[in-house]
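A.B. asks: Sequence and computational prediction follow.
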Amino acid sequence: MEPITFKDYYDNTVKLSFDDHPFSTDPKHVWVLCRFRGQWLLTEHPRRGIEFPGGKVEPGENADQAAVREVFEETGGHVSSLHYLGQYKVDGKGGIIIKNIYYATVDKLLLKDRYYETNGPVFFEELPESFEGQQKFSFMMKDQVLIQSLQHTKERFL
C-alpha cells in the first residue's frame, strides 16, 4: 500500500505506512500506544508534554526490545503483549528518523522513584478528539501519525 504523506507539527515531511517495515528492517526509534486496564497509558515528558512512550533503540537491542524497555522506563508498565502496527519516516532538518509504531497491552505497573526522562504514567479513559491547541500534549500527539495509528489500533485490537 502507498504510504500516507503529510507535514508534521514542525513542517517536516512524514511518510507513514502500516505495511511490514517499509522504510527499514532495523529502525532506530520506537513509539508505543499502550493500554492498561481499559485505559490509555501515556507518560509526561517534562519539556514536550503528555505523549505515548517511546525513544531510541539502544546498542545490542532490536526495536521490539526497545519498545518494551521504553514503556517500562517511562511508565513503569510491564508489557504483556506487543504488536507491530507500522512505521513512519520523518525527513527533518536534523536528518531522517525512522520509527516503528506499536500497540501494547500492559498488565501491571511498578511505581518507581524515578522514571527515565519522564514524570511517569498518565492515564486517559478516552483520548481527546483533537489535540490541536492543547498545550499539555506533546507535538508528537498532533499529527496524522497518531490519528492514523489510533484508527488502525481500534480496527485491529479494540
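C.D. replies: Noted; the coordinates are in hand. Numbers count the residues shown, from 1 in each chain.
A.B. asks: element containing the residue nearest the centre of the chain?
C.D. replies: Centroid-nearest residue in the chain, with CA atoms, centre = their mean: Trp31, separated by 2.6 Å. Assigned by DSSP states H and E, Trp31 belongs to strand 29-36.
A.B. asks: Likewise for Asp64?
C.D. replies: Going by DSSP H and E, Asp64 is part of helix 63-75.
A.B. asks: and that helix with strand 29-36, angle?
C.D. replies: 60 degrees (axes from the mean of the first three to the mean of the last three CA atoms, to 10 degrees).
A.B. asks: and the very next helix or strand once past helix 63-75, which strands flank it?
C.D. replies: Following helix 63-75 in sequence order, the next helix or strand is strand 77-92 (DSSP H and E). As defined by DSSP bridges, the strand partners of strand 77-92 come to strand 13-17 (antiparallel), strand 95-109 (antiparallel).
A.B. asks: Using CSV, lay out those together with mean neighbour count, mean pLDDT and distance to Lys7.
C.D. replies: Glycine gets a C-beta too; all of them are placed from N, C-alpha and C. Output for these, formatted as CSV (neighbours: other CB atoms under 10 Å; pLDDT from 0 to 100; distance: least, CB to CB, whole Å):
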stretch, mean neighbour count, mean pLDDT, distance to Lys7
strand 13-17, 19, 97, 6
strand 95-109, 19, 97, 15
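A.B. asks: and Leu42, which of these is closest to it?
C.D. replies: Across the strands paired with strand 77-92, Leu42 has its closest neighbour in strand 95-109 (11.3 Å, CB to CB).
A.B. asks: and that closest one, C-alpha only, in PDB?
C.D. replies: Output of strand 95-109 as PDB, limited to C-alpha atoms (Å, rounded to 0.1, in the frame of the first residue of the first chain):
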ATOM      1  CA  GLY A  95      18.200  14.100   9.100                       C
ATOM      2  CA  ILE A  96      15.900  11.100   8.600                       C
ATOM      3  CA  ILE A  97      14.300   9.400  11.500                       C
ATOM      4  CA  ILE A  98      12.500   6.000  11.000                       C
ATOM      5  CA  LYS A  99      10.300   4.900  13.900                       C
ATOM      6  CA  ASN A 100       8.400   1.700  14.500                       C
ATOM      7  CA  ILE A 101       4.900   2.100  15.900                       C
ATOM      8  CA  TYR A 102       3.500  -0.500  18.300                       C
ATOM      9  CA  TYR A 103       0.300  -1.300  20.200                       C
ATOM     10  CA  ALA A 104       1.000  -2.800  23.600                       C
ATOM     11  CA  THR A 105      -1.100  -4.200  26.400                       C
ATOM     12  CA  VAL A 106       0.300  -3.500  29.900                       C
ATOM     13  CA  ASP A 107      -0.700  -6.000  32.600                       C
ATOM     14  CA  LYS A 108       1.000  -4.400  35.700                       C
ATOM     15  CA  LEU A 109       2.600  -1.100  36.700                       C
END
